[in-house]
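1. The following comprises the amino acid sequence and a computationally predicted model.
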Number of protein chains: 4
Amino acid sequence: MSSTEKPQSQLPTSAIEKHSTKVADGWFEYIVRVHPHHTDYSGAVWHGTYIAWMEEARVESLRSLGIDYADLVALGCELPVVELSLRYHLAVKMGMTVVVRARLADKEGIKLDWDYQIQSLDGTELYVTARVTLVAVDREKGKIMRRLPQAVQDVLSKF
Amino acid sequence: MSSTEKPQSQLPTSAIEKHSTKVADGWFEYIVRVHPHHTDYSGAVWHGTYIAWMEEARVESLRSLGIDYADLVALGCELPVVELSLRYHLAVKMGMTVVVRARLADKEGIKLDWDYQIQSLDGTELYVTARVTLVAVDREKGKIMRRLPQAVQDVLSKF
Amino acid sequence: MSSTEKPQSQLPTSAIEKHSTKVADGWFEYIVRVHPHHTDYSGAVWHGTYIAWMEEARVESLRSLGIDYADLVALGCELPVVELSLRYHLAVKMGMTVVVRARLADKEGIKLDWDYQIQSLDGTELYVTARVTLVAVDREKGKIMRRLPQAVQDVLSKF
Amino acid sequence: MSSTEKPQSQLPTSAIEKHSTKVADGWFEYIVRVHPHHTDYSGAVWHGTYIAWMEEARVESLRSLGIDYADLVALGCELPVVELSLRYHLAVKMGMTVVVRARLADKEGIKLDWDYQIQSLDGTELYVTARVTLVAVDREKGKIMRRLPQAVQDVLSKF
């Protein structure tokens, strides 16, 4: 393939950061548009799709703090979900754009609790509220770690 | 829920447009970051995940031209995929950021052919090439339309 | 396409019922094998995948009682999820076969609570426990129904 | 959790084999029922969902021949998809039960071509035809293997 066919992207490397941002009170906002593959027969978002959006918002929130999840995994630490709960207040329909708000609510040893609110861009509609609990696991041993990796601890202590 | 808990998003409504853009030669670029739910046991993107990314790039490309797919559906016209082919050149790994490039390659009556290139941000790596064929279908009749809706035709004739 | 190329399936129509069954205490069992698309980079099942399995078990459980969910939807009634909670006890790895056990735990007006246990075939390992709450919604009005459709009520009252 | 709450499954370990079988001419049949999470806003199966079904049919087909894909991966060999093409003839709607027919069409060195037909149980409707090409990759080296692992070769040579 010649260089004409495979040109450098015209988008700055930072482009993806543009649709997420930190706001007051520790909330991180991540914007999602509803595409056909997010929906089911009802024309609204399938109830499991939100789990993927929440994961994306969490990973991007950590990245905004300087923690690259792929790097963390490469270093031998995973943050699997051990508990998950969602309340579905209002359906989100195809074509809509919503904000997934994520916030580290609590940190106790190797346990991290995240709160979520999925709402309309203008904040007048609340679609979903959720809570997710993660623990730090040592990939090699397959066991829960005694403490968070130092780099993660340093970053999260700023909260 | 009080207004303090459900504030207006700090992100401008246009934020999601920031990670996609039109470039030369009719290509539209859409940026995606690989999150855990995109991957499989191999640590790379599961081969079916690209279909979702390609749909998102196509829908956003149409939107950049003034065609809102959800509106089109509400007006009774769908654009289902009738043919799909992909070649996987190189694995995309977790944490990577890639550009999904989409271009309307051909238009013949109610048939639209799209070309795709999924590549690295700097354009030096090509991961996937693909082609997707859509046709316009009348939702109510469940039949292929004789011609594209006028609004769609007007927009696409500019290509 | 000739009849040689498109022959009747050798599988009896009832084949899919063979991997699910009713057991004591109202539990319904649904067997799933972990395929690559169910997993993530960790080699285990991605945490959102279970939501799909639980939906399948619930729909098949209703079917075993004589309620075809697609028919119900065609008649204008949906059963969307309004609450969901999961606890992840143990990772399920690629290639494993597990039992998704579902049971209608509670019925109060138009609200149905389902309990779940995802476990190993021999019952010695418990991977996930969950609860899901559904409500009956009138598709046309987009509103919660006053009461369950009579056919659903008749079936569920046998519990 | 007591033994009463975590009983052995009443389903025989072989239950999952019951909804797939080998038929004449090398075709393997795998039955799938369309659940809500398979569909999109149109009420029919989302076009990317078939990729997952085809993977399941392929993995179960290999298993019926004595090749457990998870074991193969554990031994250091993966079979990633390098080419994929699908033609969508007819929509598959929610609640329908279909047969995914898979057949190893060609084997050339470390390249395996699979043919697919997704059809109605009675064989009168053809929904999707597809072809998938896999290659054998050495997981550790991240490179295409020179030859298939002996165990795989032995099994496939029987075709």
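-> Yep, it's here. Numbers count the residues shown, from 1 in each chain, chains lettered A, B, ... in the order given.
2. what does chain A put close to chain D?
-> Contact residues (CB under 8 Å from any CB of the partner chain) of chain A with chain D: A:Pro36, A:His37, A:Thr39, A:Asp40, A:Tyr41, A:Ser42, A:Gly43, A:Trp46, A:Gly48, A:Met94. Where C-beta positions appear, they are placed from N, C-alpha and C, glycine not excepted.
3. ok, 6 Å please
-> In this structure, chain A approaches chain D at residues A:Pro36, A:His37, A:Thr39, A:Asp40, A:Tyr41, A:Gly43, A:Trp46, A:Met94, judged by CB under 6 Å from any CB of the partner chain.
4. Surely A:Val128 forms part of a strand?
-> Yes - according to DSSP: H, G, I helix; E, B strand; the rest coil, A:Val128 belongs to a strand.
5. What about it, how many residues nearby?
-> Neighbour count of A:Val128, defined by other CB atoms under 10 Å in any protein chain shown: 23.
6. Where does the closest residue to it other than its chain neighbours sit, in terms of helix or strand?
-> Nearest residue to A:Val128 in three dimensions, chain neighbours excluded: A:Ile118, at 4.0 Å (CB to CB, 6 or more residues apart in numbering or on different chains). Under the criterion of DSSP states H and E, A:Ile118 resides in strand A:111-120.
7. which residues touch A:Ala105?
-> Counting by CB atoms under 6 Å, 6 or more residues apart in numbering or on different chains, A:Ala105 touches A:Asp113, A:Asp115.
8. avg pLDDT for the helix or strand where A:Ala102 lies?
-> According to DSSP H and E, A:Ala102 maps onto strand A:97-108. For strand A:97-108, the mean per-residue pLDDT is 96.
9. Can you tell me who the residue nearest to A:Val128 pairs with across the strands?
-> For A:Ile118, the beta-bridge partners are A:Val100, A:Val128 (DSSP bridges).
10. Quick check, it in contact with A:Leu126.
-> No - if you go by CB atoms under 6 Å, A:Ile118 and A:Leu126 don't touch, sitting 7.6 Å apart.
11. the more surrounded of the two?
-> A:Ile118 (27 against 17).
12. Secondary structure of A:Arg63: a strand, I assume?
-> No - per three-state DSSP, A:Arg63 lies outside any strand segment and is helix.
13. what about it, how many neighbours?
-> Should you count by other CB under 10 Å, A:Arg63 turns out to have 19 residues around it.
14. Next, work out how far apart it and D:Arg139 are.
-> Distance of A:Arg63 to D:Arg139, computed by CB to CB, to the nearest Å: 28 Å.
15. need the residues of chain A near chain C, please.
-> A:His47, A:Gly48, A:Ile51, A:Ala52, A:Val81, A:Val82, A:Glu83, A:Leu84, A:Ser85, A:Leu86, A:Arg87, A:Tyr88.
16. So what's the residue count around the last one?
-> For A:Tyr88, the count of nearby residues is 22 (other CB under 10 Å).
17. Repeat that for the second one.
-> A count of neighbours around A:Gly48, defined by other CB under 10 Å, yields 22.
18. what about the closest residue in space to it that isn't next to it in sequence, which helix or strand?
-> Spatially, and ignoring its direct neighbours in sequence, A:Gly48 is nearest to C:Ile51 (3.6 Å; CB to CB, 6+ apart). Taking DSSP H and E as the criterion, C:Ile51 maps to helix C:49-64.
19. least trustworthy helix or strand in chain A by mean pLDDT?
-> strand A:20-22 (a mean of 76; mean pLDDT, DSSP states H and E).
20. what's the angle between whichever helix or strand comes after it and strand A:97-108?
-> Downstream of strand A:20-22, the first helix or strand assigned by DSSP H and E is strand A:28-33. Relative orientation of strand A:28-33 with respect to strand A:97-108: 150 degrees, computed using axes from the mean of the first three to the mean of the last three CA atoms, to 10 degrees.
21. Below-threshold pLDDT in chain A: ranges please.
-> Residue ranges of chain A with pLDDT under 70: A:1-18, A:159.
22. just to revisit the earlier point, strands paired with the least confident helix or strand of chain A, and their directions?
-> Strand A:20-22 has the following strand partners under DSSP bridges: strand A:28-33 (antiparallel).
23. wait, what's in contact with the closest residue to A:Lys22 other than its chain neighbours?
-> Nearest residue to A:Lys22 in three dimensions, chain neighbours excluded: A:Phe28, at 5.5 Å (CB to CB, 6+ apart). A:Phe28 sits next to A:Lys22, A:Ser61, A:Ala102 when contact means CB under 6 Å, 6+ apart.
24. Return the closest of those residues with respect to chain B.
-> A:Lys22 (8.4 Å; CB to the nearest CB).
25. Report the separation between that closest one and A:Tyr69.
-> Distance of A:Lys22 to A:Tyr69, given as CB to CB: 17 Å.
26. the more surrounded of these two?
-> A:Tyr69 (21 against 12).
27. Please name the residues that touch that one.
-> A:Tyr69 makes contact with A:Val59, A:Leu62 under the criterion CB under 6 Å, 6+ apart.
28. So what does it have for phi and psi?
-> A:Tyr69 adopts backbone torsions of phi -60, psi -40, taken as degrees, to the nearest 10.
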